[in-house]
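S.K.: compute the structure for the input listed below.
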Amino acid sequence: MPAGCCAFFYVHTLSAQSSGRYKDGTYHGLGAGFRGGTTTVTVEVSGGKITAIQVDSSEDAPSFFNAAYTMVSNEIISSQTAEVDAVSGATYSSGGIMDAVSNALAQA
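M.R.: Residues are numbered from 1 along each chain as shown. Below you'll find the model as predicted:
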């Protein structure tokens, strides 16, 4: 990882409640966050539903990223889509997470 980058290792799991539409498996995706920094995620799908989002790394500023991660991942798992509202004050970090999850789910 380039100097000055940050690595985050979060795992977020919730039970999903909507009908399954994804192929079960583990998928990896990339998204562009704050100032074009790359966010990489691993998305777990079980029973056709998004069940976990793990952020493997992020080049975003930790203060912005941390503000976005919990709320965005909760909403993605709850709504079963990567198209959720961004966190105010962490719009670019939110977008990076959503883009990375969307990129991962394109494989599912």
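S.K.: can you list the low-confidence ranges for the chain?
M.R.: Residues of the chain meeting the criterion pLDDT under 70: 1-19.
S.K.: could you pull out the helices for it?
M.R.: Assigned by DSSP state H, the chain shows helices spanning 62-79, 91-105.
S.K.: identify the residue nearest the most centrally placed residue in the chain in space, chain neighbours excluded?
M.R.: Central residue of the chain (Cα atoms, centre = their mean): I97, 3.9 Å from the mean position. Distances taken as Cβ to Cβ, 6 or more residues apart in numbering put V72 closest to I97, at 4.8 Å, once the chain neighbours are dropped. C-beta: built from backbone N, CA, C; applies to glycine.
S.K.: distance of the one you found relative to D24?
M.R.: 23 Å (Cβ to Cβ, to the nearest Å).
S.K.: more crowded one of the two?
M.R.: Neighbour tally, V72 and D24, criterion other Cβ atoms under 10 Å: the higher count belongs to V72, 26 against 13.
S.K.: let me know whether the more buried one touches V87 as I believe.
M.R.: Yes - V72 is in contact with V87 according to Cβ atoms under 8 Å; the separation is 6.4 Å.
S.K.: which neighbours do these two share?
M.R.: S94 (Cβ atoms under 8 Å, 6 or more residues apart in numbering).
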